[in-house]
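Student: Build me a structure from this.
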Amino acid sequence: MSRLLTTLAALTLAAAPIAASAGDDIIKIEATGSVSEVTDRLEAAVGTAGATIFARVDHTAGAESVGMEMQDAQLLIFGNPKLGTPAMQADILAGLQLPLRVLVYDDGEGKTWLAYQDVDEMFDDLDIDDDAGFVKMMEGALKKLTETASGI
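Tutor: Reported below is the predicted structural model:
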């Protein structure tokens, strides 16, 4: 497992960026396929990486359940205690940000996107060093998982 996370971090450094920035703290990656298809690929990638999937939230179904409409959006919540625990040991308030989350959504213009909060920014107000090994590992894992799920 440790070797997989190290490999993911190394691949992050070598991979060409395909992400678009939405401000400084949200990373967006364009994807191919429907929201459901992309979320399925993300869920499979997370499982293959050995992380735990805690929930898959269908925001659109929630809106429909109260008679409202919105563009298609699903949120995948997942994590790995080998990365999350050191963050919470450094600052217990990291538990407000963890587990990690990736939103897959239709932008209303025919494109599907994956979006997640930049890990450095996520922990910005906490007593966590941006250069901490677990921060770099989380960044690498999110980048690799979303690139895999993008289908591009």
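Student: what separates residue 55 from residue 39, distance-wise?
Tutor: Per Cβ to Cβ, to the nearest Å, residue 55 is found 12 Å from residue 39. C-betas here are computed from N, CA, C, even on glycine.
Student: so who does the nearest residue in space to residue 99 that is not next to it in sequence touch?
Tutor: Taking Cβ to Cβ, 6 or more residues apart in numbering, and ignoring the residues beside it in sequence, residue 99 has residue 79 as its nearest neighbour in space, at 3.1 Å. Contacts for residue 79 (Cβ atoms under 8 Å, 6 or more residues apart in numbering) come out as 51, 52, 54, 98, 99, 100.
Student: Tell me, how many residues neighbour the second one?
Tutor: To tie it back to what came earlier, the one meant is residue 52. 13 (other Cβ atoms under 10 Å).
Student: May I see the contacts of residue 79 arranged in a markdown table, with secondary structure and pLDDT as well?
Tutor: Below are those laid out as a markdown table (DSSP: H, G, I helix; E, B strand; the rest coil; pLDDT from 0 to 100):
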| residue | secondary structure | pLDDT |
| --- | --- | --- |
| 51 | coil | 96 |
| 52 | strand | 97 |
| 54 | strand | 97 |
| 98 | coil | 97 |
| 99 | coil | 97 |
| 100 | strand | 97 |
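Student: circling back: which residues does the residue nearest to residue 99 bridge with?
Tutor: Taking DSSP bridges as the rule, residue 79 bridges to residue 52.
Student: any idea how far the residue lying farthest from the centre of the chain lies from residue 60?
Tutor: For the chain, the largest distance from the centre (Cα atoms, centre = their mean) belongs to residue 67, which lies 28.8 Å off. In this view, residue 67 and residue 60 are 13 Å apart by Cβ to Cβ.
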